[in-house]
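Engineer: For reference, the sequence and a predicted model appear below.
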Amino acid sequence: MNDIRMLQPMGYIPPAETETHIAAGDSGESSMTHTPQLRAIVAATLGGAAFIACLAAFPSYAATPSTRPVYFISGPDAALEEAIRVNDPSAIARALANGASINAVSKQGVSPLMIAVDRQKMESVLTLLHAGADPNAIAKDGASPVGLAVENFRAKPHGRQIMMAVFQAGGRPDTRRPNGDPVLMRFVNSHDIEGLQVMKSFGADLDARDRSNDPIITKAALGMDWDVVWCLIELGARFDYENGDARNPLSLSLSNKAPSRSSPLFVYKEKVWQRLRDAGINLPPLRN
C-alpha cells in the first residue's frame, strides 16, 4: 500500500495534488542541502570546514507534502510521525528521546506503528517494534498493525518481512478485520495458500468463524474455492460440520456441479470429497 488507505481520519480526503512520494527511493533527502547547485554555493561561500559544519546542522530530511504529519499535528508525536514517513530510524530515536510516545494514539486511534506498517516502511516498523510498539493496537475504525500487515503481505518489496516481524513481536494472528472477519480471510479470499501456511505457523485458528458466524472452511467451499478448502484440511482445520454446526456443511457445497471437470480446481474438490468419505461421511458421487 503506497499511501494511507485503511487509516484515513474520519472525513479526511487525501490531497491527491500534494500527497505524493519522495523521489529517489523515498529517501527523504532535503533539497536544501542535497542539490549540487546549493552545495557549490555554500561551499564557495563558507569554505570546507564551515561547509561541513553547516551541512551537519541541517536535518536529514525536510518536510514535504508526503512527509508532513497527518495524524499527530504538533509536538514530539508529530516529529515521530514525520520520521516514520521518511523511514529514518535515527530520527525516530530522536523523537522518542524528545518525548514522543511509542504507542501514541491519535484522535482516530491510530498509532505510530500503524502508520509505519500501512506505508510499508520496514526500517521504521522494525525500529518501533524494537522500542516496544504494541502490534495489537486497534484504531477507532478497527484497523490494526496486524490487519494492515496481513493486507500488505504481498506488497513489494517488504510486505512479507513486515508481516513476519509484526507476528514475531507478539501480534495476534486471530485479530479481526474492521469488517469483523478474522484477518485470515484475506488469504482465503485471495487463494493465497502460502499466506494460509504462514498464518498457521503463527498459531492462527483455522476453525475461526467469519462475521456471519460461518466457519472459514465452509465459507470457502460455498465459494467453490476448493484449493483453499483442501489447504485448510491439510493444515488441520475441522471439516465435519454435517451435524448442524454450520449453515452450509461441505456436503452441500460438494453437491454443486461447479466447477467443471476441466477446471484446475476440480482435482481439489475430488480430494475434499474423498477425505470426507474416508472420514465416514455419507456422500453421493460428484455430479460433475
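Structural biologist: That came in fine, so what should we check first?
Engineer: Give me the helices and strands touching the helix or strand where Thr127 lies, please.
Structural biologist: For Thr127, the element it lies in under DSSP states H and E is helix 122-130. For helix 122-130, the elements it packs on are helix 75-85, helix 89-97, helix 112-118, helix 159-168, judged by 3 or more CB pairs under 8 Å, 6 or more residues apart in numbering; DSSP states H and E. Heads up, the C-betas are built off the backbone N, CA and C, glycines and all.
Engineer: can you redo these as a markdown table with mean pLDDT and mean neighbour count?
Structural biologist: Putting the helices and strands packed on helix 122-130 into a markdown table (pLDDT from 0 to 100; neighbours: other CB atoms under 10 Å) gives the following:
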| stretch | mean pLDDT | mean neighbour count |
| --- | --- | --- |
| helix 75-85 | 98 | 23 |
| helix 89-97 | 98 | 18 |
| helix 112-118 | 98 | 30 |
| helix 159-168 | 98 | 20 |
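Engineer: Distance to Gly223 added to those, as a markdown table?
Structural biologist: A markdown table is the format used below for those (distance: least, CB to CB, whole Å):
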| stretch | distance to Gly223 |
| --- | --- |
| helix 75-85 | 37 |
| helix 89-97 | 42 |
| helix 112-118 | 28 |
| helix 159-168 | 24 |
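Engineer: Specify the residue ranges that define each domain of this protein.
Structural biologist: 1-28+64-172, 196-288 (automatic domain parsing).
Engineer: Out of the ones you listed, flag the one nearest Phe187.
Structural biologist: Nearest of these to Phe187, taken as CB to CB: domain 196-288 at 4.8 Å.
Engineer: Distance from the chain centre to the closest one, please.
Structural biologist: Put simply, domain 196-288 sits 26 Å off its chain's centre (CA atoms, centre = their mean, to the nearest Å).
Engineer: Next up, the contacts around the closest residue to Leu129 other than its chain neighbours.
Structural biologist: Using CB to CB, 6 or more residues apart in numbering and skipping residues adjacent in sequence, the residue nearest Leu129 is Ala169, 4.4 Å away. Counting by CB atoms under 8 Å, 6 or more residues apart in numbering, Ala169 touches 129, 133, 135.
Engineer: now Val228
Structural biologist: Applying CB under 8 Å, 6+ apart, the residues contacting Val228 are 188, 191, 193, 196, 220.
Engineer: Sitting in helices, which of those residues do you find?
Structural biologist: 188, 193, 196, 220 (DSSP state H).
Engineer: Max pairwise distance over these: which two?
Structural biologist: Ile193 and Ala220 (11.7 Å).
Engineer: ok, the two, which is more surrounded?
Structural biologist: Ala220 (25 against 16; other CB atoms under 10 Å).
Engineer: who's in contact with the more buried one?
Structural biologist: Here Ala220 is in contact with 188, 228-229, 232 (CB under 8 Å, 6+ apart).
Engineer: Give me the nearest residue to it, chain neighbours excluded.
Structural biologist: The nearest residue in space to Ala220 (CB to CB, 6+ apart) is Val228, at 4.4 Å.
Engineer: May I have the helix or strand hosting that neighbour as PDB, with CA atoms only?
Structural biologist: Assigned by DSSP H and E, Val228 belongs to helix 226-234. The C-alpha coordinates for helix 226-234 follow below in PDB (Å, rounded to 0.1, in the frame of the first residue of the first chain):
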ATOM      1  CA  TRP A 226     -11.700 -26.000  -3.400                       C
ATOM      2  CA  ASP A 227      -7.900 -25.300  -3.400                       C
ATOM      3  CA  VAL A 228      -8.400 -23.300  -0.200                       C
ATOM      4  CA  VAL A 229     -10.700 -25.900   1.300                       C
ATOM      5  CA  TRP A 230      -8.100 -28.600   0.700                       C
ATOM      6  CA  CYS A 231      -5.300 -26.500   2.100                       C
ATOM      7  CA  LEU A 232      -7.300 -25.800   5.300                       C
ATOM      8  CA  ILE A 233      -8.000 -29.500   5.700                       C
ATOM      9  CA  GLU A 234      -4.300 -30.400   5.200                       C
END
